[in-house]
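Engineer: Here is my input; please provide its structure:
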Amino acid sequence: MLEEIRNKIENEIVSLSTELNVDLPKRIKIALEHGDLRENSEFKAAKERQGFIEARLNHLTTRMTELSKINITDMVFDKVGFGSKVVIRDLDTGDDFNFTITAGDFIDLDAGQVSLASPIGQGLLGASEGDEVTLRLPAGDRNYKVLELLTLPQQMGAKKE
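Structural biologist: All right, here's what the predicted structure looks like:
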């Protein structure tokens, strides 16, 4: 999971860097050739995009630094946390759901990824296999049971001390 997140961030950094250093300068140059900058929407749009990309690159660089500091041996071995794969059962309907707990930037509900900061992630945080938890969702409180748990340390082959 860590490697997958690193790859996604690195790919986005490369893409944004190319846009910032190759594509946007061309767009800005063309917009400047159109004359009066006060009424030049192309120039304004390119400059706004440039500001967004610079901010996003700063954020992604910070995320890469944070990821490099994660030490698997310091993570809890048997409780839901970052990177955990969880199977839960809705105690009212009997439906089962599979989730991977991810960082806030990488949410894909169709792929079963939920953010640690989301109501589902927060509700499951710290739960162990067999625990019953109440998730406070926008549609109301729901009761679930943690059927299966595979933490990030377990996925990476760490041994329980």
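
Engineer: can we go C-alpha only for contacts and neighbour counts from here?
Structural biologist: Will do.

Engineer: where are the low-confidence patches of this structure?
Structural biologist: 1, 104-107, 158-161 (pLDDT under 70).

Engineer: Please go through it and pick out the longest helix.
Structural biologist: helix 41-68 (DSSP state H).

Engineer: can you pull out the helices in the chain?
Structural biologist: 2-18, 24-33, 41-68, 119-124, 152-155.

Engineer: returning to what we had before: elements contacting the longest helix of the chain?
Structural biologist: In terms of contacts (3 or more C-alpha pairs under 8 Å, 6 or more residues apart in numbering; DSSP states H and E), helix 41-68 is packed against helix 2-18, helix 24-33.

Engineer: May I see those helices organised as a markdown table, with mean neighbour count added?
Structural biologist: Below are the helices and strands packed on helix 41-68 laid out as a markdown table (neighbours: other C-alpha atoms under 10 Å):
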| stretch | mean neighbour count |
| --- | --- |
| helix 2-18 | 14 |
| helix 24-33 | 15 |
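
Engineer: Identify whichever of the ones you listed lies nearest to Arg56.
Structural biologist: For Arg56, the closest of the helices and strands packed on helix 41-68 is helix 2-18, at 8.4 Å, according to C-alpha to C-alpha.
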